[in-house]
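*Asks:* the amino acid sequence is not available; the structure is as follows:
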Ligand SMILES: NC(=O)CC[C@H](N)C(=O)O
């Protein structure tokens, strides 16, 4: 009977959805009903407060190992666009928790229902009604491990204890685009829009795996700048990328870090990172541009942050909500990074000037 639609006269009656639960590591339980694939799954439970963007969030590799609870009360209402609009070619979240799942999407670009997509990609989805209570709980007690359970129990799993970057990074070097400058994109789980944003600015982009030795004698390409991408998990576990970035800094190669890339730049330059009590995940995080009165509304998805800035770096942006660091710049050289996502396009593109600013510096450094 499962998944079958039973016709009864003119009404299509779907079978009553299967029950499941979200169990947090401290024993707190949220009962719910399934709308995705019915498989028990463990991860870190995080919440996103954005009103839109579930296709982009689900396919953002930075969410690997995380069960995402969305606070916006209706999810699924605009369906799923075709894969050209995703941030990667598959779903990366370990599970999805919503308040109200809408199974009748209405949007010109929708190609399928969210629930059908989750089923196809074998990702569980649970409708728990009170995602507000869940969010308030995580905000009070800090982010937690948890699991979506149907019949079979599974052990808790801590994604911050494993090197997830290794799992989601590209496996080989890829060369794209035309232009005078060549930018190396270190792919730690890069959102596609980072590359789209660079290619749109007429530069060559060479994408390399997270552990690629850019400075090995046998390397057959030269480059003018480096972009370090976003990515999942604890930045301290991506040691090979940190080593590459250290060499790049010694050689004074213009470098832009985005999200995980910001954290890796900080670690490579002698700073430190820490885990936030609960992360920033939404499209409305206010960031103050230092030494100005400007505030940018930014898109974010991170659970770690830069706590100690490296020597000779100055804060560039600060989060207006909690005062945490949101970006830094070297006082002399072209090393810069942002904790938010300049490539994100939840509608407005308020911070994509970061790419123009970086490429201006790459150009300047080449003269
Ligand atoms: N989007 C990202 O790059 C996230 C970076 C890191 N995994 C964090 O959670 O802080």
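*Replies:* Here it is on my side, so go on. Here the structure is a predicted model, which is why all the values come from computation and not from measurement.

*Asks:* any stretches of this protein with poor pLDDT?
*Replies:* 1-15, 367 (pLDDT under 70).

*Asks:* helices along that one, start to end?
*Replies:* 54-58, 114-120, 131-141, 164-168, 192-199, 239-250, 260-268, 353-366 (DSSP state H).

*Asks:* identify whichever of those helices lies nearest to the ligand.
*Replies:* Relative to the ligand, the nearest member of the helices of the chain by C-beta to the nearest ligand atom is helix 260-268, separated by 3.4 Å. Placement of C-beta: from N, CA and C, glycine included.

*Asks:* distance of residue 282 from residue 47?
*Replies:* Separation of residue 282 from residue 47 (C-beta to C-beta, to the nearest Å) stands at 9 Å.

*Asks:* oh, I was asking about residue 116
*Replies:* Applying C-beta to C-beta, the value for residue 116 to residue 47 is 24 Å.

*Asks:* comparing these two, which residue is more hemmed in?
*Replies:* Set residue 116 next to residue 47 and count neighbours by other C-beta atoms under 10 Å: residue 47 wins out with 23 against 17.

*Asks:* my guess is the more buried one contacts residue 138, does it?
*Replies:* Yes. Between residue 47 and residue 138 a contact is recorded at 5.9 Å, counting by C-beta atoms under 8 Å.

*Asks:* picking up where we left off before, any idea which of the helices of the chain is most buried?
*Replies:* Burial of the helices of the chain is given as mean neighbour count (mean count of other C-beta atoms under 10 Å); helix 260-268 ranks first at a mean of 28.

*Asks:* re earlier: which residues do residue 47 and residue 138 both contact?
*Replies:* Common neighbours of residue 47 and residue 138 (criterion: C-beta atoms under 8 Å, 6 or more residues apart in numbering): 69, 278.

*Asks:* any idea how far the residue nearest the centre of the chain is from residue 24?
*Replies:* Closest to where the C-alpha atoms of the chain average out (C-alpha atoms, centre = their mean) is residue 62, at 3.6 Å. The gap separating residue 62 from residue 24 is 22 Å, by C-beta to C-beta.

*Asks:* what sits up against stretch 308-318?
*Replies:* 266, 269-272, 287-290, 296, 324-332, 335-340.

*Asks:* run the chain-centre distance for it.
*Replies:* Relative to the chain's own centre, stretch 308-318 is displaced by 22 Å; criterion: C-alpha atoms, centre = their mean, to the nearest Å.

*Asks:* tell me who's in contact with residue 168.
*Replies:* By C-beta under 8 Å, 6+ apart, residue 168 lies in contact with 61, 64, 88, 92, 188, 189, 231, 232.

*Asks:* 7 Å instead?
*Replies:* 61, 64, 92, 189, 231, 232 (C-beta atoms under 7 Å, 6 or more residues apart in numbering).

*Asks:* got the residues of the stretch 201-350 of the chain near the ligand?
*Replies:* Contacts of the stretch 201-350 of the chain with the ligand, taken as C-beta under 6 Å from any ligand atom, map to 230, 231, 232, 233, 259, 260, 301, 302, 303, 304.

*Asks:* now, which of those sits nearest residue 347?
*Replies:* residue 301 (16.6 Å; C-beta to C-beta).

*Asks:* adjacent strands (with direction) for the longest strand along the chain?
*Replies:* The single longest strand within the chain, with elements called by DSSP state E, is strand 272-289. In the sheet, strand 272-289 lines up against strand 295-308 (antiparallel), strand 313-319 (antiparallel) (DSSP bridges).
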